[in-house]
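K.L.:
Here is my input; please provide its structure:
(one chain, ligands or ions: 2)
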Amino acid sequence: MNYKIPTDVQVLNRDIKREQLKYHNKRVAVCKEFTFDAAHHLHCYEGKCKNLHGHTYKLVITMSGFVNEIGIAVDFGEIKEIFKTAIDSKLDHRYLNEVLPPMNTTAENMVVWIWEQIDIELQKRGLSEQGHRLEELKLFETPTSFAIMKREWMV
Ligand SMILES: Nc1nc2c(c(=O)[nH]1)N=C([C@H](O)[C@H](O)COP(=O)(O)OP(=O)(O)OP(=O)(O)O)CN2
Ligand SMILES: [Zn+2]
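P.N.:
Ligands and ions are numbered 1, 2, ... in the order given. Sure, this is the predicted structure:
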């Protein structure tokens, strides 16, 4: 059976497409939050964090792109796939001191490493060429302690 889209819907679709042109190609950033659980300890550090302990890390990814013809700059689903491939598969339920390159597993060092991994994944997927780019990462070690990295601070 052939279903006919009612005329008023067609008119609405046409009007939306025309209106959408106003926003097309504007650079807009979107954010998505993720969590992963991991264990670690700090080196050269006098305090409780020199002992093995765990965190539910929260990562807030801010990524920008150019708004397309259906009003999407960066698909939230794409960010989820990037997080799963580049970060979650490597860090979730792992001992960070073992799986990360030799470095102190501070939030500062980790946020830099995570930035590099996401950047590599964007290039692998050909998304950098489309104009998708990281703008900011926030990595929470605890609900009150976090590190930030921003594109504008990069030299
Ligand atoms: N600048 C940094 N300081 C500390 C880091 C870090 O990565 N960068 N890490 C730690 C520890 O790993 C610790 O697990 C987290 O520190 P802290 O916020 O002190 O944890 P608390 O559970 O004590 O937090 P409260 O909210 O104050 O209870 C230490 N420092
Ligand atoms: Zn810690």
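
K.L.:
How confident was the prediction at T106?
P.N.:
Predicted confidence (pLDDT) at T106: the value is 98.

K.L.:
Correction: the previous question concerned R14.
P.N.:
In this model, R14 carries a pLDDT of 87.

K.L.:
and it, what does it touch?
P.N.:
Contact analysis of R14 by C-beta atoms under 8 Å, 6 or more residues apart in numbering lists nothing. To be clear about C-beta, it is placed using only N, CA and C from the backbone, and glycine gets the same treatment.

K.L.:
quick one, phi psi at V74?
P.N.:
Torsion angles at V74 (phi, psi; degrees, to the nearest 10) stand at phi -140, psi 120.

K.L.:
quick one: F83 and P143, what's the gap?
P.N.:
As judged by C-beta to C-beta, to the nearest Å, F83 and P143 stand 20 Å apart.

K.L.:
and these two? which has more neighbours close in?
P.N.:
F83 (21 against 8; other C-beta atoms under 10 Å).

K.L.:
So that one is in contact with V60, correct?
P.N.:
No: counting by C-beta atoms under 8 Å, F83 sits too far from V60 to count as a contact (10.7 Å).

K.L.:
shared neighbours, these two?
P.N.:
Taking C-beta under 8 Å, 6+ apart as the criterion, F83 and V60 both touch K32.

K.L.:
could you list every residue that touches the most centrally placed residue in the chain?
P.N.:
For the chain, the residue sitting closest to the mean C-alpha position, by C-alpha atoms, centre = their mean, is I61 at 3.1 Å. Counting by C-beta under 8 Å, 6+ apart, I61 touches C31, K32, E33, F34, I79, I82, F83, I118, L134, L137.

K.L.:
Cool, thanks, talk later.
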